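Student: I'd like to go over a predicted model; first the sequence, then the structure.
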Amino acid sequence: MAKKTTRANKREFNKEAGSIRLSQAVFTYGVGSIVDLPAVSVMVSGLDEWDDSSERRYLPETRLLRAIRSTEGFGAVEKLETAPIPEKDHNSKIGVPVTFFPRWLHCSICHRIAPIESGEFEIQRLSRGWAHKSVKCNRSKGNQSSLARPVRFIAGCKEHGHMEDFPWNSFVHEGNACEESTKRQTLRFYEFGASGEAKDVNVRCEACGQARQMSFAFDERVGIGQCSGKHPHLSLDAGEECLDEKGRPSKLQTMLESATNTWFPVSLSALTIPREKAEENEALYALVERHWNKLAKFTSTERIGFYLEDAPDAKDLKSYKLDVILAGIDAYRASLEPDGEEDLVETLKAEEWNVLTDKRIENPPNTPYRAEHVDAPNEFKSLITSVTRLKQLREVRALLGFTRILPPGDSFENLSIEEMNLVPISKEEPFWLPASEALGEGIFIRFDEEAVSNWETVVKESSRFEAFRGAHEEFARARNIDTKMPAPRYILLHSFSHALIRQISLDCGYATASIRERLYAEDGMAGVLLYTSASDSEGTLGGLVSLGRPEVLGQIISRMLEELSTCSSDPLCSEHKPTGENEVLHGAACHTCLFVSETSCERGNRYLDRSALVATLAEHGVGFPEPYFS
């Protein structure tokens, strides 16, 4: 992770300050997120600050790129690439650019707090000679332990995801200016006790003697001021107008620098599958897709010829005539253009469903897709139609933006960019997006459509589903969004998926966070795909796909249903009903029985209910197997 150099921090990093994995550049430490490095905290800069580096690896995925280009604000995206991969040489400056945030620091010796550009602090190399650096307080230089750390309180707004340093001077003086404090940097930060709670933290101005307890910063009735519309990752220090849904100035909200609600990624993903309509020259099409990051700019045979002369990695293209290659480039470029007649984001899963359920497709050429279709477990043949063991699959996931304070209200398929209040990852419309790929394995379970439809008919008018509908409407109304309520089959498949992830993790050795779900719950589709989401060697061990054999999977599902009938949190868990308040959009579900890692779930552990699968202490007659086995 390289350090962006500005006038305010020209003495900062000239070497890498830390490192992250490629997948973390999308899931955990993407653009706009705060990263705690060994000595400082930084925020990942927008794409405008990223070097146009050849060290970024191109990730071909036509279906995903076409869906992204059909989304408003992303029509100029030409390619998907990983984060830069620096060379092993420590002197390499290639990396992800970052900027200091929060900029206010706290000295542990003199308790002074001030912005880093105030001159009160000095960035120094650690005594052990590492590439990481420390920040020391100039007023406590004689003390070797006078390290300064970022102040852990920051501020942001939920309306548009703006973020800024906490308004310390304004807060301590309750909105009244204190020129002496600003000139001499006389604010001090005191913590009493070991709890770290806000009520045990005081901020005091040594110039005028005024002090204030930090617990007031979390009192909405008091407030800490209006949002100034800043996006530190985009260097918009001047700010922009920030209004709430009623046209009033947005209010700042106190946040913790290390809290999870400072950054919620919004991404879109697709599986690499064989194309339903193959081109006449499919081999050339595949080559053009593989080299599209270089070929996208070519519009003449002369330029293609010059490129092929000096491109050792494009030897496979040299067997084609230049005019044939140009025709392939034009054909591929046309395939990326949305036709305006379909929602390409929703189409992604429909295309995958067609391939996953087609028993004729097992080992297509030029595609990292290897499948084996097997029978459903004997115990559940009335509920499950078939099982597909995916011995090899590839997923590409691209980062489109993020939200702060409030997570995206629903899956990306059901909300527009405007409804999610998506924070942009660049000042201008991006021409590329950061992405990651995962190569792994999986199990696809197709449920019987007639059985699912009959179950939906039984539960659609039940009090249980009415509670979900009311909670969803309250949730959407509170956030001023218009999003579709998932069908009952989604709650069924989602609950089944989470329960199976937890049970499989006990049998195959993978951690639950290493297994991701992909649900197919639209009309005419009823399926669950569980696959390894880790982008390292853990995703290719074969432990997951081996559990897809009918005799093994049947035993796993049987044990899963038996375990779900009770929960160690019962009767509280089974009696829980969904409510829109505080985003509690789940029924009988908790961390003990159904919740999984946020990175494994499509909808942030919402729309889950054990009673959709089994009879619980509080609910009988709505479980999926019950109408058939009672």
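Tutor: Received it, and whenever you're ready, just let me know what you need.
Student: which residues of the stretch 251-400 of the chain fall in strands?
Tutor: Assigned by DSSP state E, counting those that start in this stretch, the stretch 251-400 of the chain shows strands spanning 253-256, 264-271, 370-375, 384-403.
Student: can you redo the ones you listed as JSON lines with mean pLDDT and mean neighbour count?
Tutor: C-beta: built from backbone N, CA, C; applies to glycine. Formatted as JSON lines, these follow (pLDDT from 0 to 100; neighbours: other Cβ atoms under 10 Å):
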{"stretch": "strand 253-256", "mean pLDDT": "92", "mean neighbour count": "19"}
{"stretch": "strand 264-271", "mean pLDDT": "89", "mean neighbour count": "22"}
{"stretch": "strand 370-375", "mean pLDDT": "92", "mean neighbour count": "16"}
{"stretch": "strand 384-403", "mean pLDDT": "92", "mean neighbour count": "22"}
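Student: Including distance to R21, could those go into JSON lines?
Tutor: Formatted as JSON lines, these follow (distance: least, Cβ to Cβ, whole Å):
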{"stretch": "strand 253-256", "distance to R21": "24"}
{"stretch": "strand 264-271", "distance to R21": "15"}
{"stretch": "strand 370-375", "distance to R21": "25"}
{"stretch": "strand 384-403", "distance to R21": "14"}
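Student: what's the closest of those to P60?
Tutor: Among the strands of the stretch 251-400 of the chain, strand 384-403 comes nearest to P60, with 8.3 Å by Cβ to Cβ.
Student: So what's the gap between the closest one and the chain middle?
Tutor: Strand 384-403 sits 14 Å away from the centroid of its parent chain (Cα atoms, centre = their mean, to the nearest Å).
Student: so after it, what's the next helix or strand?
Tutor: Downstream of strand 384-403, the first helix or strand assigned by DSSP states H and E is strand 432-447.
Student: So in that sheet, which strands flank that next one, and in what orientation?
Tutor: strand 79-81 (parallel), strand 384-403 (antiparallel), strand 527-532 (antiparallel) (DSSP bridges).
Student: Let's have these in a markdown table, adding distance to M485.
Tutor: A markdown table is the format used below for these (distance: least, Cβ to Cβ, whole Å):
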| stretch | distance to M485 |
| --- | --- |
| strand 79-81 | 32 |
| strand 384-403 | 21 |
| strand 527-532 | 20 |
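Student: which one of these lies closest to G225?
Tutor: Taking those one by one with Cβ to Cβ, strand 384-403 is closest: 21.4 Å.
Student: ok, now how distant is R477 from G247?
Tutor: According to Cβ to Cβ, to the nearest Å, R477 and G247 sit 19 Å apart.
Student: With neighbour numbers in mind, choose between those two.
Tutor: When neighbours are counted by other Cβ atoms under 10 Å, R477 comes out ahead of the other of R477 and G247, with 11 against 6.
Student: Okay, and that one sits in which element?
Tutor: helix 463-479.
Student: tell me the mean pLDDT for that helix?
Tutor: Mean pLDDT, taken over the full extent of helix 463-479, equals 85.
Student: List the buried residues of it.
Tutor: R464, F465, F468, A471, H472, F475, A476, R479 (16 or more other Cβ atoms under 10 Å).
Student: ok, the residue lying closest to R56 once chain neighbours are set aside - how many residues close by?
Tutor: Closest residue to R56 apart from its sequence neighbours, by Cβ to Cβ, 6 or more residues apart in numbering: E81 at 4.1 Å. Neighbour count of E81, defined by other Cβ under 10 Å: 19.
Student: How about E619?
Tutor: Neighbours of E619 (other Cβ under 10 Å): 21.
Student: How about the one 5 residues further on?
Tutor: For F624, the number of neighbouring residues by other Cβ under 10 Å comes to 26.
Student: R69 now?
Tutor: 16.
Student: wouldn't it be in contact with G75 here?
Tutor: Yes: R69 is in contact with G75 according to Cβ atoms under 8 Å; the separation is 5.5 Å.
Student: can you name the farthest residue from the center of this structure?
Tutor: Distance from the centre of the chain peaks at C208, with 45.4 Å (Cα atoms, centre = their mean).
Student: hey, what's the residue nearest to the spatial centre of the chain bridged with?
Tutor: The centroid of the chain falls nearest to P265 when counting by Cα atoms, centre = their mean (3.5 Å). Beta bridges link P265 to F402 when assigned by DSSP bridges.
Student: Check the contact between it and A398; I expect there is one.
Tutor: No: contact criterion Cβ under 8 Å: P265 and A398 do not qualify, at 10.4 Å.
Student: joint contacts of these two?
Tutor: Listed as contacting both P265 and A398 by Cβ atoms under 8 Å, 6 or more residues apart in numbering are V26.
Student: Now render the buried residues of helix 463-479 as CSV, adding distance to S546.
Tutor: Shown next, in CSV, are the buried residues of helix 463-479 (distance: Cβ to Cβ, whole Å):
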residue, distance to S546
R464, 36
F465, 36
F468, 36
A471, 39
H472, 38
F475, 40
A476, 42
R479, 43
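Student: Go through the residues you listed and say which is closest to R559.
Tutor: Closest approach to R559 among the buried residues of helix 463-479 (Cβ to Cβ): R464, at 24.6 Å.
Student: Nearest residue to A296 in space, please, no chain neighbours.
Tutor: E78 (5.3 Å).
Student: Enumerate every residue touching the one you found.
Tutor: Per Cβ under 8 Å, 6+ apart, neighbours of E78: N293, A296, F431, W432.
Student: Any of those buried? List them.
Tutor: N293, A296, W432.
Student: I'd say the last one and V77 touch.
Tutor: Yes: taking Cβ under 8 Å as the contact criterion, W432 and V77 are neighbours in contact, 6.4 Å apart.
Student: all helices of the stretch 451-600 of the chain, in order?
Tutor: 463-479, 488-508, 550-564, 572-575 (DSSP state H, counting those that start in this stretch).
Student: Revised request: answer the last question for the stretch 1-150 of the chain.
Tutor: For the stretch 1-150 of the chain, the helices defined by DSSP H, counting those that start in this stretch occupy 24-27, 62-69.
Student: of those, which approaches S569 most closely?
Tutor: helix 24-27 (28.6 Å).
Student: hmm, who's touching the closest one?
Tutor: Residues contacting helix 24-27 (Cβ under 8 Å, 6+ apart): 44, 82-83, 96, 265, 267, 397-399, 434-436, 599.
Student: nearest spatial neighbour of C137, skipping sequence neighbours?
Tutor: Excluding the flanking residues, the one nearest C137 by Cβ to Cβ, 6+ apart is C107, at 3.7 Å.
Student: Can you check the pLDDT for that neighbour?
Tutor: Looking at C107, the pLDDT reads 86.
Student: That one bridge partners, please.
Tutor: Beta-bridge partners, per DSSP bridges, of C107: A148.
Student: so it sits right up against R139, yeah?
Tutor: Yes: at 7.3 Å, C107 counts as touching R139 under the criterion of Cβ under 8 Å.
Student: what sits in contact with each of those two?
Tutor: Shared contacts of C107 and R139, defined by Cβ under 8 Å, 6+ apart, are found at E120.
Student: More neighbours: which of these two?
Tutor: Between C107 and R139, counting by other Cβ under 10 Å, C107 is the more crowded of the two (24 against 16).
Student: And the contacts of helix 24-27, which two are furthest apart?
Tutor: Across these (Cβ to Cβ), the longest gap, 19.6 Å, separates V96 and T599.
Student: between the two, who's got more neighbours?
Tutor: Set V96 next to T599 and count neighbours by other Cβ under 10 Å: V96 wins out with 29 against 16.
Student: okay, the more buried one: pLDDT?
Tutor: For V96, pLDDT reads 83.
Student: domains for this structure, by residue range?
Tutor: 7-264, 273-335, 344-423+433-629 (automatic domain parsing).
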